[in-house]
Each structure stands twice: as C-alpha cells, then as structure tokens.
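Trainee: fold the following, please.
(one chain, ligands or ions: 1)
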Amino acid sequence: MISRIKSEQLFAEALKYIPGGVNSPVRAFRGVGGQPFFVNRALGAHVFDVDGNEYVDYVGTWGPAILGHANPKIIQAVQAAAVHGTSFGIPNPAEVTMAKLICDHVPSVKKVRMCNSGTEATMSAIRLARGFTKRDKIIKFDGCYHGHADSLLVKAGSGALTFGNPDSAGVPAAFTQHTVVVPFNDEAAVRAAFDANKGQMAGIIVEPVPGNAGLYLPKPGFLEFLRKITEENGAVLIFDEVMTGFRLAKGGAQERYGITPDLTCFGKIIGGGLPVGAFGGRAEIMDCLAPLGPVYQAGTLSGNPLAMAAGITALQELFSGNAYEKLESLGAQLEAEMKDAAKLANVPVQFQRIGSMFCGYFTEEPVYNLADAMHSDRARFGKYFHGMLEEGVYLAPSQFEAGFISTAHSAEDIDKTVSAAAKVMRQIA
Ligand code: PMP
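Mentor: Prediction:
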C-alpha cells in the first residue's frame, strides 16, 4: 500500500471546515469508497500528491487539461496578463480575441458571451431559449448533466447521479415543472414529449455525446432527428458542449456529427484551467441578450483578463500542430489495448470511446443511455478504481464519469495504464 498520511491528515482537517471536505462532491471519493488524496503539483499528464506519490492522470481537472497540466505557454500568458491587473470590469481586448476564436472555429456560433462556469453557460442558454421563443418548456435527457442550475437538476448525471440525488433537495417542484426528461437515444420519447406539449417547447438541451453518466454515443441519426424536430416545432436546439467543445474536434461534437445547433454552451477547455464558461449561437437569438434585448444575463468577472489569456493560449496551442491527430491515436491505442486486457482477464467491460474521451463500464450489455449504464457493476468499478490508484493511475472516482486523454500523455503512459489495468482486472475477475 502506498502511503497517503499527509492526505489523510489534510482531509481530517478539511472535514472540519468544508462540507464533506471538498468543494465539489465527486472529489470526495464517495462513489468508490475511501478518501481523496490532496495534490499540490501537476505537470503534463501527471499529478503529484502531498505524500510524493505520482499518478498518470485521466481526470485532467475534469476536462480542461487537454494540453496536460502546467502547460508552459498558458502559465506564461497568465503571468504576463496578471502584471497588468487581474480584473477590470471594463471591456478588454482579449475578450474580442476570445470571441473571434470561438466564432471562427464553431460555424454555428455567430456571437458568443463569456461567463464563469459551465453551469452559468447552460443556465443562461436555457433562459435565452425561453426568452427568444416566449415558451417555458425544455427537454433534457436523463443522465445528462448541465451543471447545477435549479431547472436542470432533474435526473442529472455526474455527482448528482453518483450520490443518488439526481433530483436535488432544495429545488422547488415549481422550478422544474417545465423540464421534461426523456431517455437519450429515444426518438419516440422525444416525439411524444413534443406532442404532449404542443406549442410550448422552448427547446432541447443535450450533451451531443453524453459524458456525465460514463460515456455513451448518439445512435446514427439521433442528433439529426433532434435538429429536425426542433426546427419543425420552432424550438431551440442547445448543444451543451462544455465537455466536448474543442475536445472532440476543433468545432466540437457538432463538427464531428455535422449538426448545426442554434445555441452551444462551452466551458472547461476554453478557460485553459481558469474558471470560464461561454454560450453562443445564432445572432438573432444572441441579440435577445441584455443590453440589446430583454433577456438578462451578467457577470462581475465575465471576460476576466487572466481567464481570457489562459483560454486564448490553450485554444491557439490546440489549433497549431497535430493535437487532434495525437489525441485520436492515443485514444485508439488505449481502446485496443484495454479491450484486449479485459478479454484476457475475462472481465466483462464495455469500453466506450470517442476521440480522447473514454469510459469502461463493467457490464456485459452495450450502453446507449442511462438505464443501460445503471446495469454496470459499480462495486467492481470501486475495486478497479482503487487497484489502479495503487498502480499509480488516477481515473475519475465514479463509474459515471468519462476519462480524458491529453496531448501530454505519451504512448508509454498508455502502456503503463494498460499493464496496470491488466493486473487489476485479474485481481477483480
Ligand atoms: N455541462 C456539462 C456537459 C458538463 O460536463 C459540466 C461539468 N462537468 C457542466 C455543464 C457544468 O460545468 P461547471 O462545473 O463548470 O459549472
């Protein structure tokens, strides 16, 4: 057993002052048992805990670290920006550069507004869709997570799912009565929801590739169907690309699947590791926002110069060179080798992957939606997670999270990961 004495001491102290000892629930390891470790340094594809242990990291600060941790160019950009002030609350040139970068690479986005988290992005996009259509109802899919705004904490994924409260306490029923929840990949259910709410649907919000209940992919034609039914009903199609934006392609999942949504939400990667979100889309919809239109949305720190510097640098780095080819090839290597390892160990695993996102469900059956994902053996995942941690590999501490590969991972990191997985899977077979 590797020692984590300092982490244990810190966690005991944290529990006294921070609810559950953490500032975001999934970090607490409750989905896998045990206690979290504390990290004080990260570099490239590796994180280092306070006891000096090193891990190959597939959490990547939950998605932003697509270039690995402590990318020297991002650090330099943040340092250079900080010298001139950490916040102005007055327009700054970097906001224009950032907006242009996003619009140039995501053709559906004609105008974009920055905010400070993915939660703010989705919350604001929903408000905008409602304000634009003058309708109240929205469709979301069970297992999709769109942050922790009240109306979206219904059958939510990520930590809400891991801890068994996908419908949070503290959210009045009246706040969610306009949220219609249907299973992902289920066209009939979406059609029925539109039929039952004729003329009332403001829009659909969807993770085009859901990565908050593990990872499952849209069936061929499903996203096209969502585009068509929203168009036919005058409803707004919102792609929540907080996770997939700039990860699955320069233009996100919408580029990969060839779909043009009306609005798109971003976060994670566009902040280069600083707190950022954004939402954008059709100009006529975006122009409904204050100060031009009646839909209010604002933020003291929105467009923050440090966050813009980090995000702009991250995007420029991603766009120069062959980042996406590298991510694809590392992903393919991981997938092929993991599937072999699982087969050899005789452990049933559905290894799902798209680009640099992956998830191994411990189940015999294919996974296309939340109900399928719930068939996975979570006790076995917990053993697998802790086994991998002992081998120096850090996966997200829940069966219901996606893993992320960065451009800083090497083929050797992947080999090490698969050797560890082969060993651990033999132990838990
Ligand atoms: N949408 C999606 C698809 C996400 O994955 C997340 C966070 N994991 C959010 C929204 C919320 O983002 P944040 O945690 O930055 O509020």
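
Trainee: okay, strands next: where are they in the chain?
Mentor: 39-43, 46-49, 54-57, 111-115, 137-141, 179-182, 201-206, 236-240, 263-266, 277-281, 350-354, 357-361, 393-394, 403-404 (DSSP state E).

Trainee: how about the residues of the stretch 201-350 of the chain by the ligand?
Mentor: 207, 212, 240, 242-243, 267, 277 (CB under 6 Å from any ligand atom). (C-beta placed from N, C-alpha, C; glycine too.)

Trainee: of those residues, closest to Ala125?
Mentor: Asp240 (8.0 Å; CB to CB).

Trainee: number of residues surrounding the closest one?
Mentor: By other CB atoms under 10 Å, the residues close to Asp240 number 31.

Trainee: for stretch 155-172, buried residues please.
Mentor: For stretch 155-172, burial by neighbour count (16 or more other CB atoms under 10 Å) applies to 155-163, 166, 171.

Trainee: okay but Pro25 is in contact with Phe163, surely?
Mentor: Yes - using CB atoms under 8 Å, Pro25 is in contact with Phe163, at 6.1 Å.

Trainee: how far away is the residue in the stretch 51-200 of the chain that the ligand sits nearest to from Thr417?
Mentor: Here the stretch 51-200 of the chain gets closest to the ligand at one residue, Gly118, 2.2 Å apart by CB to the nearest ligand atom. Applying CB to CB, to the nearest Å, the value for Gly118 to Thr417 is 27 Å.

Trainee: then His386?
Mentor: 15 Å.

Trainee: who has more neighbours out of the two?
Mentor: Neighbour tally, His386 and Thr417, criterion other CB under 10 Å: the higher count belongs to Thr417, 26 against 17.

Trainee: how about Arg27: what's its closest non-neighbour residue?
Mentor: Pro36 (5.5 Å; CB to CB, 6 or more residues apart in numbering).

Trainee: who's in contact with the one you found?
Mentor: 7, 11, 21-22, 27-29, 397 (CB atoms under 8 Å, 6 or more residues apart in numbering).

Trainee: which one of these is nearest the ligand?
Mentor: Arg27 (11.8 Å).

Trainee: okay, now that closest one: neighbour count?
Mentor: For Arg27, using other CB under 10 Å, the count is 16.

Trainee: against Gly21, how distant is the residue of the stretch 201-350 of the chain found nearest the ligand?
Mentor: Going by CB to the nearest ligand atom, the ligand is nearest to Val242 of the stretch 201-350 of the chain, at 3.5 Å. With the distance defined as CB to CB, Val242 ends up 25 Å from Gly21.

Trainee: of the two, who's got more company?
Mentor: Taking other CB under 10 Å, Val242 and Gly21 do not tie; Val242 has more neighbours (30 against 19).

Trainee: hmm, Ile269 and that one touching each other?
Mentor: No - with contact defined as CB under 8 Å, Val242 does not count as touching Ile269 (9.1 Å).

Trainee: overlap in contacts, those two.
Mentor: Common neighbours of Val242 and Ile269 (CB under 8 Å, 6+ apart) are Gly63.

Trainee: name the helix or strand of this structure that has the lowest mean pLDDT.
Mentor: helix 159-162 (a mean of 77; mean pLDDT, DSSP states H and E).

Trainee: kindly export it (C-alpha atoms) in CSV.
Mentor: Taking Å, rounded to 0.1, in the frame of the first residue of the first chain, the C-alpha atoms of helix 159-162 are listed here in CSV:
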residue,chain,number,x,y,z
GLY,A,159,-22.0,13.8,-8.9
ALA,A,160,-25.8,14.1,-8.7
LEU,A,161,-26.1,10.6,-10.1
THR,A,162,-23.1,9.1,-8.2
